[in-house]
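>>> build me a model from this:
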Amino acid sequence: MFKDKKNLFNLGLLGIFIWLLITSYSSSKRKPETIGELFKDFSWLSDWPKWLDLPLMPWINKMFKALNENYGFIFEAINNVLLAMLMGLKNFLVQAPWPLVIIGVVILAYFASGKKIKTTVAVGFCTFFIGFLHPRFWDKAIETTSIMLISIFLCLVIGVPIGIWMSRANRVREKILPILDLMQTIPAFVYLIPGIMLFGLGAVPAIIATFIYAVPPLVRLTDLGIRLVDSEVTEAADAFGASKKQKLWGVQIPLALPNIMQGINQCTMMALSMVVIASMIGVKGLGLPVLQAVSNQYLALGLMNGLAIVVLAIIFDRVTQKFGLRMQKYRNEGKD
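Numbers count the residues shown, from 1 in each chain. Predicted coordinates for the structure are as follows:
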């Protein structure tokens, strides 16, 4: 049965390849008048023939044009919702007094790290140091953080359920894994292109691109965490008559939480790197001065903004990683 499916798949790929060759030749304006000319002049064997090019760009342009014409209202609604969320979060953080923001980050780090003073002091100092580098960096860091948090929120809402779905259905996992591989292989800035075509310039395409770029690790580690739950534990839950929902939320998710937190940590770091790249489409924040510094060779400006980005990454990394280690410790204590 498996061999039959594999042969059918290979035949399907061969058919697609032949169809692409025929389409490429028939749609080319530079093809020979007759096929017989190909056997008279073999110069096309030394250089790539001009008539053998796939008309992919017109297809892509037509696809995005059709999407905008037929489903533009959906993209507009998504744009309005994400923009409202972003502006609400950004205005709240900007209008809040900076000492209160630092105190809030310190309190979050204190409880997330399991009340570790060393981590709490380090996170508090790093948060203060961003504004201490330059007063303008504070507002820019808030803009970058706002886009990051909205993107991470989307990753959690969409990525974790997909990871759970993959862990419960092998067929789904086999279909989604190649998509995740593709998402992690494509260069980061390429994700900005479809976002611009569907949502225009600004913060919303940056959020969409950041979400697509950052969600694969979270999906993979959620799937892995649930699959690594000891089978004896799940069998015990079944023996006590637990339903699938009870087993998922009462047993599997709590035991898989350290892996999920590791996925959130990686997701956060990738989101930060993507937000910086998103400055290429005019997104304000810490990434835009870095782009300007590279373009105009302003060494000091680039180094100072780069340092602020590193400090921001340290804050997110310490908080998420320490919380994950705390969950790991609790899980190990539960096993003992």
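
>>> so what's Val229 up against?
By CB atoms under 8 Å, 6 or more residues apart in numbering, the residues touching Val229 are Val251, Gln252, Leu255, Ala256. In this view, the C-beta of every residue, glycine as well, is placed from N, C-alpha and C.

>>> brain fart, Trp165
Counting by CB under 8 Å, 6+ apart, Trp165 touches Val172.

>>> measure the residue nearest the centre of the chain to Gly202 for me?
Geometric centre of the chain, nearest residue: Ala214, 2.0 Å, by CA atoms, centre = their mean. As judged by CB to CB, to the nearest Å, Ala214 and Gly202 stand 19 Å apart.

>>> same check, this time on Arg227
Relative to Gly202, Arg227 is positioned 39 Å away (CB to CB).

>>> where do the strands sit along the stretch 201-336 of the chain?
Using DSSP state E, counting those that start in this stretch, the stretch 201-336 of the chain contains no strands.

>>> shaky segments in it?
Applying pLDDT under 70 to the stretch 201-336 of the chain flags the ranges 328-336.

>>> about what we covered before: in helices, which of the contacts of Val229 appear?
In this view, these that belong to helices under DSSP state H are Leu255, Ala256.

>>> ranking the contacts of Val229 by neighbours, who comes first?
Among the contacts of Val229, the one with the most neighbours (other CB atoms under 10 Å) is Ala256, at 26 neighbours.

>>> where's the nearest residue to that one once chain neighbours are set aside relative to Ile107, distance?
Nearest non-adjacent residue to Ala256, counting by CB to CB, 6 or more residues apart in numbering: Gly225, 3.1 Å away. Between Gly225 and Ile107 the computed distance is 28 Å (CB to CB).

>>> ok, Gln321 - how many residues close by?
Gln321: 20 neighbours (other CB under 10 Å).

>>> ok, it - contacts?
Applying CB under 8 Å, 6+ apart, we find Gln321 in contact with Asn265.

>>> 233 is where my numbering starts, stick with that
Right, with 233 as the first residue, what we last looked at is Gln553.

>>> before we move on, the earlier item: isn't the residue nearest to Ala488 right next to Met493, touching?
No: applying CB atoms under 8 Å as the test, Gly457 and Met493 come out as separate, 9.1 Å apart.

>>> list the contacts of Gly427.
Gly427 neighbours (CB under 8 Å, 6+ apart): Val436, Pro437, Ala438, Ile440, Ala441, Ile513.

>>> looking at those residues, which are in helices?
Val436, Pro437, Ala438, Ile440, Ala441.

>>> the third one: what's it in contact with?
I take that to be Ala438. By CB under 8 Å, 6+ apart, Ala438 lies in contact with Ile379, Leu424, Gly427, Met506, Val507, Ala510, Ile513, Val515.

>>> can you put those in a markdown table and add distance to Ile349?
Output for these, formatted as a markdown table (distance: CB to CB, whole Å):
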| residue | distance to Ile349 |
| --- | --- |
| Ile379 | 31 |
| Leu424 | 41 |
| Gly427 | 42 |
| Met506 | 33 |
| Val507 | 30 |
| Ala510 | 36 |
| Ile513 | 41 |
| Val515 | 36 |
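
>>> most neighbours among the residues you listed, which one is it?
Ala510 (32 neighbours).

>>> let me see the domain layout of this protein.
Annotated domains of the chain cover 233-286, 303-567 [automatic domain parsing].

>>> check which residues of stretch 400-417 are buried.
Across stretch 400-417, burial judged by 16 or more other CB atoms under 10 Å covers Arg405, Ile408, Leu412.

>>> just those now: which is nearest Met502?
Met502 lies nearest to Leu412 out of these, by CB to CB, at 12.8 Å.

>>> isn't the closest one right up against Val451?
Yes: taking contacts as CB under 8 Å, Leu412 lies within contact range of Val451: 6.2 Å.

>>> on that earlier part again, for the ones in helices among the contacts of Gly427, pick the one with the most neighbours.
The most crowded member of those, judged by other CB under 10 Å, is Ala438 (32 neighbours).

>>> for Leu460, grab phi and psi.
Per-residue torsions, Leu460: phi -80, psi -10 (degrees, to the nearest 10).

>>> with Leu286 instead?
As for Leu286, its main-chain torsions (degrees, to the nearest 10) stand at phi -80, psi 130.

>>> how about it, what does it touch?
By CB under 8 Å, 6+ apart, the contact set of Leu286 is Leu252, Thr255, Ser256.

>>> of all the contacts of Val461, which two lie farthest apart?
Across the contacts of Val461, the longest distance by CB to CB is 9.4 Å; it joins Val483 and Ala488.
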